[in-house]
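**Student:** I need the structure of the sequence given here:
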Amino acid sequence: MAGHDEHRIHDVETLRALVGELKPGTALKLLDALDEFACDFIARSPFLVLSTSNAEGRLDASPKGDQPGFALVEDPNTLVIPDRLGNRLVFGHLNILENPGVGILFLIPGTNETLRVNGRAELTKDPALLERLAARGRPAVLAIRVHVEEAFFHCGKAFLRSELWQPETWPEHHKVSFGKMFARKLAAKDELAEQIDAAIAENYRTEL
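**Tutor:** Numbering: from 1, shown residues only. As a prediction, this is how the structure comes out:
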């Protein structure tokens, strides 16, 4: 571990020596509210990642997705993210109750740039709002209202380097088997794994 520690970066000066100083004009892209470009991006986005932290700093990053525009812009300073049926671990929700600070990354398939939004969140069960956020005939379970403090577009280099949107570079489909994971923990037979995977597939089909 000592060898690792000698290479650890402890100060801003060392960090800037490696990554360079902020380029003139870069800070101009930082907004304190959602402008027309940010609103248009959110309206086109079917997927986001919501990052939260509890009072002790334990972090969580949760994917949220639905049809494009599923996140609602109420005004330039406020957006709302619907919450659907899920695994009920509610790590992110519990974090918001302790620490309202959140970070959000919006994506659009095929678009290399992303939109980052930071702010303070609260949970709401307002029936009218949940109905407004309904999908597939069901109102949202609850909603996460975010009071925007910062928004900016992130360049596309990560997506260009990873070739994420180029299907010809994609590996073979990788199936995650929750059944095998549970069966191993329970020291159960493959039959249980198959039953669990079948139940999850049915849940995906009927409980979106």
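**Student:** so what does the helix ranked longest in the chain touch, helix or strand wise?
**Tutor:** In the chain, taking DSSP state H as the definition, the longest helix is helix 190-206. Using 3 or more Cβ pairs under 8 Å, 6 or more residues apart in numbering; DSSP states H and E as the contact test, the elements touching helix 190-206 are helix 178-185. Every C-beta, even on glycine, is put in place using the N, C-alpha and C of the backbone.
**Student:** any idea of the angle the helix it packs on forms with helix 190-206?
**Tutor:** With axes from the mean of the first three to the mean of the last three Cα atoms, to 10 degrees defining the directions, helix 178-185 sits at 140 degrees from helix 190-206.
**Student:** now find how far off-centre helix 178-185 is within its chain.
**Tutor:** Averaging C-alpha positions (Cα atoms, centre = their mean, to the nearest Å) puts helix 178-185 26 Å from its chain's average.
**Student:** stretch 134-142 too?
**Tutor:** Per Cα atoms, centre = their mean, the centroid offset for stretch 134-142 relative to its chain is 19 Å.
**Student:** for it, buried residues please.
**Tutor:** Within stretch 134-142, the residues that count as buried by 16 or more other Cβ atoms under 10 Å are 139-140, 142.
**Student:** please enumerate the helices of this protein.
**Tutor:** Using DSSP H, helices in the chain cover 2-5, 12-19, 36-44, 91-98, 127-132, 157-162, 178-185, 190-206.
**Student:** residue contacts, the residue nearest to A38 when sequence neighbours are not counted?
**Tutor:** Spatial nearest neighbour of A38, excluding adjacent residues (Cβ to Cβ, 6 or more residues apart in numbering): A151 at 5.1 Å. By Cβ atoms under 8 Å, 6 or more residues apart in numbering, the contact list for A151 reads 30-35, 38, 115-118.
**Student:** which of the residues you listed count as buried?
**Tutor:** The buried subset of the contacts of A151 - by 16+ other Cβ under 10 Å - is 31, 34, 38, 115, 117.
**Student:** least trustworthy position among those, going by pLDDT?
**Tutor:** Lowest pLDDT within the buried ones among the contacts of A151 is found at L31 (95).
**Student:** doesn't F152 make contact with that residue?
**Tutor:** Yes: contact status for L31 versus F152: in contact at 6.1 Å, counting by Cβ atoms under 8 Å.
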